[in-house]
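Enquirer: Structure for the following, please:
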Amino acid sequence: MDFRLSKEQEAIQKAAREFAKGEFDKETALEHERTHTFPRSIWKKACELGFVGIHFPEKYGGQDYGVLENALVTEEFCRQDSSIGIAVTLADFSSEIILRHGTEEQKEKYLLPIAKGEALSSGGFTEPDHGSDITSMNTNALRDGNHYVINGVKTFITNGTIGNFVIVLCQTDLDAKPTYRGQSTIIVEKGEPGYTQTDVGEKMGIKMTSTGELSFDNVKVSLSNLLGTENKGFYQVLEFFDESRVEIAAQALGIAQGAFDRALAYVKERSQFGKKIAEFQVTQHKLADMIAKIETARLIVHKSGWNFDQGVIDPKLTSIAKMYAGRVAVEVADEAIQLHGGYGYMLEYEVERFYRDAKIMEIYEGTREIQKNTIASALLGKM
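Expert: The predicted structure is shown next:
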């Protein structure tokens, strides 16, 4: 058993770290934070260097790497800046469903522009009345000749207002029992008549990431927009979640490490009562607890990414990674603010933003309670 990254993986990690340090400067981050805008120029540069879609095959604009390598990039980006890191690493959100289940034509049409920095993707799964429960969908897509006619509403959708297309989970068989056996995933492009994208409003964190509400009012799309087999969408999305949980866990890990880095630097410089804060034993114990949590999270995040790349679908493992890393991000960012004292509460000291961004790690892509349900289900089996 070898816990070391390969030389190639270390090179990817180093390249991502150097890119983020060079491009994610503090003033740029604060400007996007205040204006709630997506960092497009940074995103395009990241695409040019192959960081976005790194896990796509080369013929679709990627570099033929795996989920673990994608996680390494994500961790480094979020370590340098939580908000920019999240926004950039979610630029290809849910495109993996196309990668795993799309036709060659769909992959070329949608994945290549994502990798080139010409398009942003979005995934429409959550609904106002169902939240984390995707076993039941009010959004439906009914056949009408050579088209599907889609009606319904999706909410809290990542890249909701800026996505060039969205992968919509909808009910295509209204009589299916249980209902999730009649769900399909369908691609809907921005600008289709009847398809509207609106912002959900002011958020606690991730203010550079668009979160939208999507409405479908008799939206007609070709049957060729169906991904994979009809009525298999629920299973496609579950597989995607198993992959995306690794990326979200890596975001959480990066946020925790970034908050720790800032806290460590601050306590080495700040003096109180005639000596550096770092000299107090209580501070040293805080730092020890923080880094212990981070290193533990890193082990499970890297393991879950490696495991997926071996072709093993293990919802229990990826749910543990997301649940634990998310909790660590919140706890470490909270302690980082405490170590900064009053300055930690100020926007310019960054750790308060890391803390606000950390909280979403326990909510999106399945709340921590949903992750516990998944873990318990794997442990108990059918009862």
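Enquirer: Against residue 86, how distant is residue 326?
Expert: As judged by C-beta to C-beta, to the nearest Å, residue 326 and residue 86 stand 13 Å apart. The way it works is simple: take the backbone N, C-alpha and C, and place the C-beta from them, glycine included.
Enquirer: And residue 109, by the same measure?
Expert: Taking C-beta to C-beta as the criterion, residue 109 is separated from residue 86 by 26 Å.
Enquirer: Just to check, residue 211 is in contact with residue 156?
Expert: Yes. With contact defined as C-beta atoms under 8 Å, residue 211 and residue 156 form a contacting pair (5.9 Å).
Enquirer: Pull out the buried positions in the helix or strand containing residue 336.
Expert: Under the assignment given by DSSP states H and E, the secondary-structure element containing residue 336 is helix 315-340. Of all the residues in helix 315-340, those buried under the rule 16 or more other C-beta atoms under 10 Å are 315-337, 339-340.
Enquirer: and the next element down the chain from that helix?
Expert: Moving toward the C-terminus from helix 315-340, the next helix or strand (DSSP H and E) is helix 351-359.
Enquirer: what about that next one, average pLDDT?
Expert: Mean per-residue pLDDT for helix 351-359: 98.
Enquirer: And for stretch 139-151?
Expert: Stretch 139-151 shows a mean pLDDT of 97 in the predicted model.
Enquirer: higher neighbour count, residue 109 and residue 86?
Expert: Set side by side, residue 109 and residue 86 show more neighbours around residue 86, with 27 against 16, by other C-beta atoms under 10 Å.
Enquirer: helix or strand for the closest residue to residue 316 other than its chain neighbours, which one?
Expert: Leaving aside its chain neighbours, residue 316 sits nearest to residue 378 (3.7 Å; criterion: C-beta to C-beta, 6 or more residues apart in numbering). Using DSSP H and E, residue 378 falls within helix 368-380.
Enquirer: Against which helices or strands is that helix packed?
Expert: helix 315-340 (3 or more C-beta pairs under 8 Å, 6 or more residues apart in numbering; DSSP states H and E).
Enquirer: Alpha carbons of stretch 77-91, as PDB, please.
Expert: These are the backbone C-alpha positions of stretch 77-91, laid out as PDB (Å, rounded to 0.1, in the frame of the first residue of the first chain):
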ATOM      1  CA  PHE A  77      -7.800  26.000  -6.200                       C
ATOM      2  CA  CYS A  78     -10.000  26.200  -3.100                       C
ATOM      3  CA  ARG A  79      -7.000  26.300  -0.900                       C
ATOM      4  CA  GLN A  80      -5.800  29.500  -2.600                       C
ATOM      5  CA  ASP A  81      -9.300  31.100  -2.600                       C
ATOM      6  CA  SER A  82     -12.500  29.400  -1.600                       C
ATOM      7  CA  SER A  83     -14.900  31.400  -3.700                       C
ATOM      8  CA  ILE A  84     -12.900  31.500  -7.000                       C
ATOM      9  CA  GLY A  85     -11.900  27.900  -6.500                       C
ATOM     10  CA  ILE A  86     -15.500  26.700  -6.100                       C
ATOM     11  CA  ALA A  87     -16.700  28.800  -9.100                       C
ATOM     12  CA  VAL A  88     -14.000  27.600 -11.400                       C
ATOM     13  CA  THR A  89     -14.100  23.900 -10.400                       C
ATOM     14  CA  LEU A  90     -17.900  23.800 -10.800                       C
ATOM     15  CA  ALA A  91     -17.700  25.200 -14.400                       C
END
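Enquirer: Could you tell me how far that stretch lies from the centre of the chain?
Expert: In terms of C-alpha atoms, centre = their mean, to the nearest Å, the gap separating the centre of stretch 77-91 from the centre of its chain is 9 Å.
Enquirer: Stretch 251-259 now?
Expert: Taking C-alpha atoms, centre = their mean, one finds the center of stretch 251-259 at 13 Å from the center of the full chain.
Enquirer: now do stretch 354-371
Expert: Distance of stretch 354-371 from its chain centroid, counting by C-alpha atoms, centre = their mean, is 10 Å.
Enquirer: Would you mind measuring the gap between the ends of that stretch?
Expert: 22 Å (C-alpha to C-alpha, to the nearest Å).
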